[in-house]
Every structure is written in structure tokens, then in C-alpha cells.
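Participant: Sequence below, structure please.
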Amino acid sequence: MLATVTSLVVLLIDQISKYWVQTNPALHDVKIINGFFHITYARNTGMAWSMLSGQQVLLSLIAAAAIGVMIWYLINKKPDKYTTFAVALMIGGAAGNLIDRLVYNYVRDFLNFYIFGYDFPIFNIADSALCIGVFILFILMLKEEKNDSAKVDR
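Facilitator: Next up is the predicted model:
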């Protein structure tokens, strides 16, 4: 239940925010915090940093396979609630970008940050959910590794 709700919430927030920016030309280039955070509507035919640009079929197949594997994992491995939450964020994010690829043949991005003068690649809510999910899994793995090494040291 946690996984389903989390994934659906991410998917809905992602799709609504993309639609809102896409259909409001006044939001296509807005300086929220000048030189740090802008809303900049962009169409991305690749993935992060526009890698594999134009490879929509390949990227869609990878996303669909990843979603399938993550759903299988949740159903068959029944992980703890933190891992479930992290994987659910990733499913929602992957699904949000997959829908864009299938419907528009590109991913709608709009969050644009300038970090220490570097114009970070424009991204969206789905990308954020994916990154947060991966970060949570990384922290959980570090914690598990620390607990395992503490058991061995005894």
C-alpha cells in the first residue's frame, strides 16, 4: 500500500507540474531567485545531461524494464518500509518520465538551478524523486554495512 500510494503521488505531482508549466507560456522562463533558481521549460529527448539524446525507444524500454524489476522486487522481496518508500519514489519518477516519452517523445523539464555559477541541467519532479530514492537506498546500504561490520567486530 505504501509503495502504491507513494508512486501515485509522485506520478500525479510530476504530471500536474509538467502540464502546468507546459501550458502556461508565462512560466517558460521565470527567474524565481535570480542567478540561482529559474523555471525554464525545456524538452529533453535524452536523459541526464541529454545523454542518449533522440534514443526514445531505448530509453523507454530501459525505463519500462526498470519499473518492472522494481515492482517485482517489492512484491517478491517485501523489503522494510524505508526501502519500500525509496523504491516507490523511483517507480513514480521513472513512470512520470516514461509517460512523457510515450506521449510527447521527449521529457518535459522545468527546474533550473545555477549552483556556484554552474547552470545545472534542467530537471523535473520525476527526476527529483528518482534521485531522492537512490539517495535513500544509498544511506540504507551504508547503515546496513555499518551494522554488519559492528556484528563482525564483536
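
Participant: Give me the helices and strands touching the helix ranked longest in the chain, please.
Facilitator: When the chain is parsed with DSSP state H, its longest helix is helix 125-153. Applying 3 or more Cβ pairs under 8 Å, 6 or more residues apart in numbering; DSSP states H and E, one finds that helix 125-153 contacts helix 2-22, helix 81-104, strand 107-115. Backbone N, C-alpha and C define where each C-beta goes, glycine included.

Participant: which ones are touching the spatially closest residue to residue 6 that is not a sequence neighbour?
Facilitator: Setting aside the residues directly before and after it, residue 6 is nearest to residue 88 in space (Cβ to Cβ, 6 or more residues apart in numbering), at 3.7 Å. Each residue near residue 88 by Cβ atoms under 8 Å, 6 or more residues apart in numbering is listed here: 2-7, 10, 74, 133.

Participant: how far away is residue 88 from residue 121?
Facilitator: 24 Å (Cβ to Cβ, to the nearest Å).

Participant: Repeat that for residue 56.
Facilitator: For residue 56 relative to residue 121 (Cβ to Cβ), the value is 18 Å.

Participant: Can you mark which positions in the helix or strand of the chain with the lowest mean pLDDT are buried?
Facilitator: Counting by mean pLDDT, DSSP states H and E, the chain has its least confident helix or strand at helix 125-153, which shows a mean of 91. Within helix 125-153, the residues scored as buried using 16 or more other Cβ atoms under 10 Å are 125-130, 132-133, 136-137, 140.
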